[in-house]
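Chemist: coordinates only, sequence not included:
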């Protein structure tokens, strides 16, 4: 497996990665999640051997210090795919195999196998210029998997795609990595992409590792308010507001609580009371902003058949699965 121990990277006199320690077991996908400038891509480049780093980067218990990039047995896939436009799809996928002197039927069989894996069977003769953005990324993925790398390094592989395509391709990427048994390190700023693709999550902020665990562990218990908001929680209540919300709903008090946009639901039997500030209909639900008694403005949702407008009084229930209590040291 991949192991990082107190890895730091300094660029132009500035430490951009600081004392990061992580493990990535064989066959799993680890997503390093962080905003722009958090150091996540620099960390990936250090693992690849493209940046000098202090600390220890190891594979199966052996240090990779001094091992050049091309001898690490890793493959990299970048956000733009970096396909060779003068080659066909089959030529692109087969390129790393030809470098390893794979020829003839063995080459054609492996290329066909990889294109089937990524959902592009029959595309071998196409040119990259004729493909959509999602198809180009699938070709790039097939090429990266061609030599069965010990570790696949993915640097924001879906960020150049539109939101709908990114969501669909994230699910396909998860399937492809699982079916091929590939160990992968993914860096991304998109929490939805990380949740869809990875087994484990590491949150990086200002070059430091702030939290690591399974997707469920990190989502259910973010380490602090900044992490909760970055993971997609809509609001974080603190102090008296957090205590009042939780205790009124019959839950244990906590100094901070993170709420998803759908944590409060209009329900005539709910224990919480509020005044509607604004309401907006979407195809599947009504989205509200409410002034919760004793707490203040919060997001809420209601079924499409609920008629609630500004000034109306409503009762709300709190969905426990859509909040996270944060323990403050």
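Modeler: Nice, I can see it. Given the structure is predicted, the values throughout are model-derived calculations rather than measurements.
Chemist: any idea which helix or strand in this structure has the lowest mean pLDDT?
Modeler: Within the chain, no helix or strand scores below helix 163-180, which has a mean of 84 by mean pLDDT, DSSP states H and E.
Chemist: list the contacts of that helix.
Modeler: The contact list for helix 163-180, computed with C-beta atoms under 8 Å, 6 or more residues apart in numbering, reads 29, 117-119, 132-134, 137-138, 141, 145, 152, 157-159, 161, 182, 184, 190, 192-193, 196-197. In this view, the C-beta of every residue, glycine as well, is placed from N, C-alpha and C.
Chemist: next step: those restricted to helices.
Modeler: 117, 133, 134, 137, 138, 141, 145, 192, 193, 196, 197 (DSSP state H).
Chemist: need the per-residue pLDDT for the second one.
Modeler: Spelled out, that is residue 133. Model confidence at residue 133, given as pLDDT, is 86.
Chemist: and it, how many neighbours?
Modeler: Using other C-beta atoms under 10 Å, residue 133 is surrounded by 16 other residues.
Chemist: please look at it and residue 161 and confirm they touch.
Modeler: Yes: using C-beta atoms under 8 Å, residue 133 is in contact with residue 161, at 5.2 Å.
Chemist: count the neighbours of residue 118 for me.
Modeler: 23.
Chemist: for it, give me its contacts.
Modeler: Shown in contact with residue 118 (C-beta under 8 Å, 6+ apart): 138, 139, 141, 142, 172, 176.
Chemist: nearest spatial neighbour of the fourth one, chain-adjacent residues omitted?
Modeler: This means residue 142. Excluding its sequence neighbours, the residue lying closest to residue 142 (C-beta to C-beta, 6 or more residues apart in numbering) is residue 114, at 4.1 Å.
Chemist: if we can go back for a sec, would you mark the buried spots in the least confident helix or strand of the chain?
Modeler: 166, 169, 170, 172, 173, 174, 176, 177, 180 (16 or more other C-beta atoms under 10 Å).
Chemist: which single one of the residues you listed is nearest to residue 2?
Modeler: Closest approach between these and residue 2, by C-beta to C-beta: residue 177, at 14.8 Å.
Chemist: for the residue most central in space within the chain, give me the pLDDT.
Modeler: Closest to where the C-alpha atoms of the chain average out (C-alpha atoms, centre = their mean) is residue 194, at 1.6 Å. On pLDDT, residue 194 comes in at 93.
Chemist: right, and it touches residue 31 too?
Modeler: Yes: using C-beta under 8 Å, residue 194 is in contact with residue 31, at 3.7 Å.
Chemist: list residues touching both of the two?
Modeler: 186, 188, 201.
Chemist: let me have these in a markdown table, adding pLDDT as columns.
Modeler: Formatted as a markdown table, the shared contacts of residue 194 and residue 31 follow (pLDDT from 0 to 100):
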| residue | pLDDT |
| --- | --- |
| 186 | 95 |
| 188 | 93 |
| 201 | 96 |
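Chemist: most neighbours of all those residues, which one?
Modeler: Busiest of these [other C-beta under 10 Å] is residue 186, holding 27 neighbours.
Chemist: to what extent is residue 207 buried, counted in neighbours?
Modeler: 21.
Chemist: burial check on residue 238, number of neighbours?
Modeler: 14.
Chemist: hmm, I was thinking of residue 213
Modeler: 15.
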